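Engineer: predicted model, plus sequence, below.
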Amino acid sequence: MAEQDPGTGCPRGKKELPAFTWQVRANDRRYHSQSKKKFAFCLSRKKYRGNAIKTAKYNLLTFLPLNLYEQFHRMANVYFVFVILLQTFPEISTVPWYTLLFPLSCLLVIRGLRDLIDDIGRHQSDRSINSRPCEILCGKRFQRQKWRHIRVGDIVRLRKDSVVPADVLLLCSSEPSSLCYVETADIDGETNLKFRQALLVTHQELGSEESMAAFDGRVTCEEPNSRMHSFTGTLEWRGQTHSLDSERILLRGCRIRNTDVCYGLVIYAGFDSKIMRNCGKIKQKKTKLDRMMDRLVVVIFLLLLVTSLGLAVASGFWARTFQEKHSYLAAVYRNTSPAQQAFLTFWGFTILLSVIIPMSMYITLEFIYLVNSFFINWDLEMYYAVKDIPAKARSTSLNDQLGQIEYIFSDKTGTLTQNIMTFKKCCVNGTIYGPGPGHENKPGSGSAWDHHGEQKVDVMLLEAAQRDSDPVLREFLRLLALCHTVMVEERGGQLVYQAASPDEEALVLAARSLGYVFLARTQDTITISELGRTRTYQVLAMLDFNSDRKRMSVLVRDPQGSIRLYTKGADTVILERLRRRGRSEAFTERALDLFAEETLRTLCLASKEVSEAEYQEWGRRHHEAAVLLQGRAQELDRLYEEMEQNLQLLGATAIEDKLQDGVPETIQLLKLGNIKVWVLTGDKRETATNIGYACRLLTDDTEILEEKEISEILQAYWASNNNLSGSGEAPGSSPLSQQCPEASCHRRRAIIISGDFLDKILHTGEVLKEKKGWPWRWLPRGRTVGSQEQGSLVEKAFVDLATSCQAVICCRVTPKQKALIVQLVKKHKKAVTLAIGDGANDVNMIKTVDIVVRISREIKPSAPQNPPHVHFALSAVDIRPDASWNAFTDPYVLLVVLLSLVVNTLPSLTVHAFRATVGKATTQQKIHLKAKKEPEPSVELKAHVPRGSFCRRSSYAFSHQEGYAGLITRGDSLRVRASPGDSLQAKASPGDSLKARATRSTIPEGTLAMSPPPSPSV
């Protein structure tokens, strides 16, 4: 039996593969409406959801209970309700209960109205999105309907500038080769256009509405998931199977650009779409001050109960002593006991002392938050005068946390950078072309402007390209014009390029400026102009770029019939695949180091010639791997690796990515304030690394931890905890405890990880156990610890390692992963976090952090590719430079508290000291003196004589007269005090009468006097 991994329960050595059970049948609503799936016990629901979405929190029935439930998460509200309930009992009430209910109701209503207004906005947004128009194929023609009417399996028609309503498979378009240009700003933040291309078979066969209505293809793919950059599936139609990947899919939220009409088959709809899978739930944000006040309310309430209990116990003892001393008052206390009196006294003191938590303080805080938000809106230092954009505080309850921020999570594209890249330098065949450092903008520095692409190129390079005497330079420029994914269209007699990334566009523009112009592209051809000669190359295969390969290649057949492979990528992967390492290669490596010192983005370019027999064999296996459902990516990577060997180095390029104004200076100030900046981006690793150097997050002496090194540190941490837990030793009693992430790292280190690596930590608690040669056998065997605890240990180890480093950069991360990273830091560090983003692919991160600085994006309708206009430096103006500031340790705050206590208590203490010194009697002392001087009124005791009786009298039944209540309140004894010399020496016999027994002693003046019995009535 295979050994199982305790974290996942799966056998070791096998990776968990996605289930390809999602089947979509075109134009078959009946099939999708009848499909069910189980979700709890024996209950089932529809497997394929509709396209309507709902992001609001409340409705008419749930608003009141849910909002009250959220508001009563504040302990102060629970406390005030408890006091109001006590006030409803008349025996212990001090004021009417409604006097406290009114201010509490006002507080709840104010907060409830604020939440209601926010949720009404969500309802309006949902209604607006669900009511957007679209065209759905119904029968044999397209009808105009709304988004909420779309179902899985429908065929929709999309027009230019429209938003894609669901995740759809592109079937065909009006562009040549069924290309479709999309803008993915709401998914990955990139404003550059990307292209998607339909299958050749659907492009050729589906050209009319009749053919669309007759289309009965069946798509088999993976279940709905949150992986934005991957899709695997197949299309079965007319007995043939065609492979599908992410390049054939239009995701919900994309906008169609530069394409008149396109058609698509709905694969995922509504909450099953990838963008909605990445949308987290709306959570109520509580500030650090709110959480601290909740804890203080609990502590103060416990102290209040202890104080009231002590007073109630003392009151009970006093009542018991009083009743024992004055037993003749037993009739008064007949229906009560000391314990009952103590019980009522306890709740009475609880009400009397309840003002220790004033309700007015919370109302005052609400007004303070409101005024502070106005101050942020009026702050001139956060006003962007160039675009007339002031700061705007959208929340009135979070501004107190600006001085407590410890971690800032920032997006890259549009936040740190302007997303504008220019070709600066290159090294070809051992020669460096381009301006020297510090001469970029000086006249006569060896640069010229090209009138087509407005691309700055070196004059020496331009002259060498025009001479066309260097074959290496010719292949170098040819590679720039062929190896890319840029699309081109003609507008007004000029060529306009649409690139998936700005660095590719910069390289193609540089090639055009040097005479190698990219003209056109189809599914299987690329046409370029080489120094005025038009040449068409047949595309045999496109070896795509990904974060693991760090390179891309194109296999083409030139007009002469020879086959060549052109490759560009990171220097670390290109140099190790070269056929030989000579003098030119060594000089290129030194040039790469020089480019890196100038924080330029570098790429290595290489090529090789492929024989016809080698291509035929490799092409056959490539086609077989392309239609696999299980393990397609791994098999294609293996074939790509086999082809990209024995390359010949052509040269290297250097591109400059422009930062926003003031970014490096701002990050340095944040570092001085002990605030850590984490960059979370969807770009590739090389791009993120270069930006880290450009904005000074990374320096030349920074040691970057690779994923393998991170795994080794986590392995040591896990082994340490595992051994300690097995031996029962204390954490500090073993040398293994020193192998924690924090101890093994220092401030000069940085972490750069990919989304795939991070996904293993965030979701399963293990890190790529089966990665190439990695020793992921460190998970414990035979331990009884659950998978949840194991995952928490690995997460904590990773957070400790990341927070102890100088910088953290996460590349190729999805919006959902951004939110999970923030959750990890908040969970294990209990820190106040802030996110900076443009609101596109940062929505989940924005929902998760404590404070959000959202950058305004200004996009003109005529120029959809304009980057967001913002200064990153403005975002950090209102952040306190010292994030470790604490109100309880700040000497100025403590001084203010001390002064307030002195001012409040000093006058009272001075008055009491003055009265004690002078001897002036207080009001209470005057009352006691007056009581001693004035004689007590006599209490006349009358014998009770029943009606009709003339002789029976009782000495124990008295009727009250004036003065009796005063005796009770002073606690004086009712027993007669005999004065010396006045007592009778004679003692009465037991048979004496009542009168003789009453006159046995002389009653002093001012005490009890016995009157004779009244005469009986006739």
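Structural biologist: Everything's here; your move. Numbers count the residues shown, from 1 in each chain.
Engineer: need the pLDDT of the residue nearest to Glu175 when sequence neighbours are not counted.
Structural biologist: Excluding its sequence neighbours, the residue lying closest to Glu175 (Cβ to Cβ, 6 or more residues apart in numbering) is Thr259, at 5.5 Å. The C-beta positions use only the backbone N, C-alpha and C, and glycine is treated the same way. Looking at Thr259, its pLDDT reads 84.
Engineer: likewise for Ile809?
Structural biologist: In this prediction, Ile809 has a pLDDT value of 90.
Engineer: check which element follows the host helix or strand of it along the chain.
Structural biologist: Element membership for Ile809, per DSSP states H and E: strand 807-811. Using DSSP H and E, the next helix or strand after strand 807-811 towards the C-terminus is helix 815-829.
Engineer: just checking, what packs against the helix or strand just after that following helix?
Structural biologist: Helices and strands here follow DSSP H and E; after helix 815-829, the next one along the chain is strand 832-837. Applying 3 or more Cβ pairs under 8 Å, 6 or more residues apart in numbering; DSSP states H and E, one finds that strand 832-837 contacts strand 405-410, helix 815-829, helix 843-848, strand 851-854.
Engineer: just checking: what are the partner strands of strand 832-837?
Structural biologist: Sheet pairing for strand 832-837, assigned by DSSP bridges, gives strand 405-410 (parallel), strand 851-854 (parallel).
Engineer: per the record, what domains does the protein have?
Structural biologist: Domain ranges of the chain: 52-132, 150-279, 396-416+660-718+747-765+790-858+871-879, 419-435+456-658, per the TED database.
Engineer: the shortest one - what's its average pLDDT?
Structural biologist: Rounded to a whole number, the mean pLDDT of domain 52-132 is 87.
Engineer: in the stretch 501-650 of the chain, which spans are strands?
Structural biologist: Here the stretch 501-650 of the chain has its strands, by DSSP state E, counting those that start in this stretch, at 516-521, 525-530, 533-543, 551-557, 563-569, 601-610, 648-659.
Engineer: try the stretch 51-200 of the chain
Structural biologist: For the stretch 51-200 of the chain, strands defined by DSSP E, counting those that start in this stretch occupy the ranges 133-138, 141-146, 155-159, 167-173, 179-183, 193-197.
Engineer: packing partners of the second one?
Structural biologist: Using 3+ Cβ pairs under 8 Å, 6+ apart as the contact criterion, the elements in contact with strand 141-146 are strand 133-138.
Engineer: now the strand it packs on - C-alpha only, PDB.
Structural biologist: What follows is strand 133-138, C-alpha atoms only, in PDB (Å, rounded to 0.1, in the frame of the first residue of the first chain):
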ATOM      1  CA  PRO A 133     -27.200  44.100 -22.700                       C
ATOM      2  CA  CYS A 134     -25.800  41.200 -24.600                       C
ATOM      3  CA  GLU A 135     -26.700  39.200 -27.700                       C
ATOM      4  CA  ILE A 136     -27.600  35.500 -27.200                       C
ATOM      5  CA  LEU A 137     -28.200  32.900 -29.900                       C
ATOM      6  CA  CYS A 138     -31.800  31.800 -29.500                       C
END
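Engineer: contacts for that strand, please.
Structural biologist: Strand 133-138 is contacted by residues 27, 142-147, 149-150, 154-159, 162, 165, 209, 212-213 when judged by Cβ atoms under 8 Å, 6 or more residues apart in numbering.
Engineer: among these, which ones are buried?
Structural biologist: By the neighbour-count criterion of 16 or more other Cβ atoms under 10 Å, those include these buried positions: 27, 142, 146-147, 149-150, 154-158, 162, 165, 209, 212-213.
Engineer: look up how far Glu175 lies from the residue positioned nearest the centre of the chain.
Structural biologist: Centroid-nearest residue in the chain, with Cα atoms, centre = their mean: Thr848, separated by 2.0 Å. Distance of Thr848 to Glu175, computed by Cβ to Cβ, to the nearest Å: 39 Å.
Engineer: tell me which element Arg30 is part of?
Structural biologist: Assigned by DSSP H and E, Arg30 belongs to helix 29-34.
Engineer: got it, and Ala312?
Structural biologist: helix 288-325.
Engineer: and that helix, what's buried?
Structural biologist: The neighbour-count check on helix 288-325 (16+ other Cβ under 10 Å) flags 290, 293-294, 297, 300-301, 304, 308, 311-312, 315-316, 319, 323 as buried.
Engineer: and which of those residues is nearest Phe343?
Structural biologist: Ala312 (7.1 Å; Cβ to Cβ).
Engineer: name the SS class of the nearest residue to the closest one once chain neighbours are set aside, please.
Structural biologist: Closest residue in space to Ala312, ignoring its immediate chain neighbours: Phe346 at 3.5 Å, by Cβ to Cβ, 6+ apart. The three-state label given to Phe346 by DSSP: H, G, I helix; E, B strand; the rest coil is helix.
Engineer: so what's Ile275 up against?
Structural biologist: Residues counted as contacts of Ile275 (Cβ under 8 Å, 6+ apart) are 186-187, 228, 251-253, 815.
Engineer: about what we covered before: nearest to Tyr362, of the strands of the stretch 501-650 of the chain?
Structural biologist: The nearest among the strands of the stretch 501-650 of the chain, by Cβ to Cβ, is strand 648-659 at 43.8 Å.
Engineer: mind giving me the packing neighbours of the helix or strand following that closest one?
Structural biologist: Sequence order places helix 663-672 as the next helix or strand after strand 648-659, per DSSP H and E. Other helices and strands packing on helix 663-672, by 3+ Cβ pairs under 8 Å, 6+ apart, are strand 676-680, helix 872-875.
Engineer: just for the stretch 401-550 of the chain, where's the confidence low?
Structural biologist: Counting by pLDDT under 70, the stretch 401-550 of the chain shows low-confidence ranges at 413-414, 419, 436-456, 547.
Engineer: which residues in it form helices?
Structural biologist: 459-467, 471-482, 502-513 (DSSP state H, counting those that start in this stretch).
Engineer: distance to Glu707 for these - can I get that in JSON lines?
Structural biologist: Shown next, in JSON lines, are the helices of the stretch 401-550 of the chain (distance: least, Cβ to Cβ, whole Å):
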{"stretch": "helix 459-467", "distance to Glu707": "37"}
{"stretch": "helix 471-482", "distance to Glu707": "30"}
{"stretch": "helix 502-513", "distance to Glu707": "23"}
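Engineer: for Ser607, find the nearest of these.
Structural biologist: Closest among the helices of the stretch 401-550 of the chain, once you apply Cβ to Cβ, is helix 471-482, at 5.7 Å.
Engineer: so what touches that closest one?
Structural biologist: Contact with helix 471-482 is made by 426, 428-429, 464-465, 468, 507-508, 510-512, 514-518, 526, 528, 530, 537, 554, 556, 566, 568, 605, 607, 650-651, 653, as judged by Cβ under 8 Å, 6+ apart.
Engineer: quick check: PyMOL command selecting the buried ones in these.
Structural biologist: A single PyMOL command selects the buried members of those (16+ other Cβ under 10 Å):
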select buried, resi 426+428+429+464+465+507+508+510+511+512+514+515+516+517+518+526+528+530+537+554+556+566+568+605+607+650+651+653
